[in-house]
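Participant: what follows is a predicted structure for the sequence shown.
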Amino acid sequence: MKIFLDANVIISVLNKECPLFPISSRVLSLADRKGIQLCTSPICLAISFYFSEKKSGAEMAKLKIEMLSKKILMTPVDQDTVNLTLANPQVQDFEEGIEYYSALAVGCDVIVTEDSAGFYYSKVPVLGCEKFLEEYIF
């Protein structure tokens, strides 16, 4: 199973943001589970770095992203991703459209985000951390 993690999930773990941290950290811990591949885009990592840097400083943020990037598959963000996003009239948020088509490019089965409303056009399930764990893991 391939799981795409949106930036808000990653940020909650990197910054230990409550109340989401206990649940989002469980999702991230799935990186070591056989049969599960966590994915995200370079854009999500850049957004996560920005917020982590604000809280922990550049050196610590870089270390966190480096550790994370060793466990997570990077999805492509290329011309095709941009073209698909621009061609879909349902996409209201360009960044979310990029994430969506980037996730599809590697065959993600589900998108985990705490902002599921932005992915209303998705053809794959879009779930919050808690709902994802309930439906797919526990």
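Facilitator: Cool, got the structure. Numbering: from 1, shown residues only.

Participant: what about the helices in the chain?
Facilitator: 7-14, 21-29, 42-56, 58-69, 79-87, 94-105, 129-132 (DSSP state H).

Participant: mind checking how far the first one is from the chain centre?
Facilitator: Think helix 7-14. 8 Å (Cα atoms, centre = their mean, to the nearest Å).

Participant: show me what that helix is packed against.
Facilitator: Packing partners of helix 7-14 (3 or more Cβ pairs under 8 Å, 6 or more residues apart in numbering; DSSP states H and E): helix 21-29, helix 42-56, helix 58-69. Quick note: C-beta positions are derived from backbone N, CA and C, even for glycine.

Participant: so which of these gets nearest residue 112?
Facilitator: helix 21-29 (5.9 Å; Cβ to Cβ).

Participant: centre of the chain versus that closest one, how much separation?
Facilitator: Taking the mean of its C-alpha atoms, helix 21-29 sits 12 Å from the chain's own mean (Cα atoms, centre = their mean).

Participant: with stretch 6-13 instead?
Facilitator: With Cα atoms, centre = their mean as the basis, stretch 6-13 stands 7 Å off its chain's centre.

Participant: pull it out as CSV, backbone CA atoms only.
Facilitator: The C-alpha trace of stretch 6-13 is given here as CSV (Å, rounded to 0.1, in the frame of the first residue of the first chain):
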residue,chain,number,x,y,z
ASP,A,6,0.3,15.9,2.9
ALA,A,7,2.5,18.6,4.4
ASN,A,8,0.2,19.2,7.3
VAL,A,9,0.7,15.7,8.6
ILE,A,10,4.5,15.9,8.3
ILE,A,11,4.5,19.4,10.0
SER,A,12,2.5,18.1,12.9
VAL,A,13,5.2,15.4,13.5
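
Participant: quick one: buried residues of that stretch?
Facilitator: Across stretch 6-13, burial judged by 16 or more other Cβ atoms under 10 Å covers 6-13.

Participant: what's the closest of those residues to residue 109?
Facilitator: For these, the minimum distance to residue 109 (Cβ to Cβ) is 14.7 Å, reached by residue 6.

Participant: ok, now which ones touch that closest one?
Facilitator: 40, 44, 99, 111-115 (Cβ atoms under 8 Å, 6 or more residues apart in numbering).
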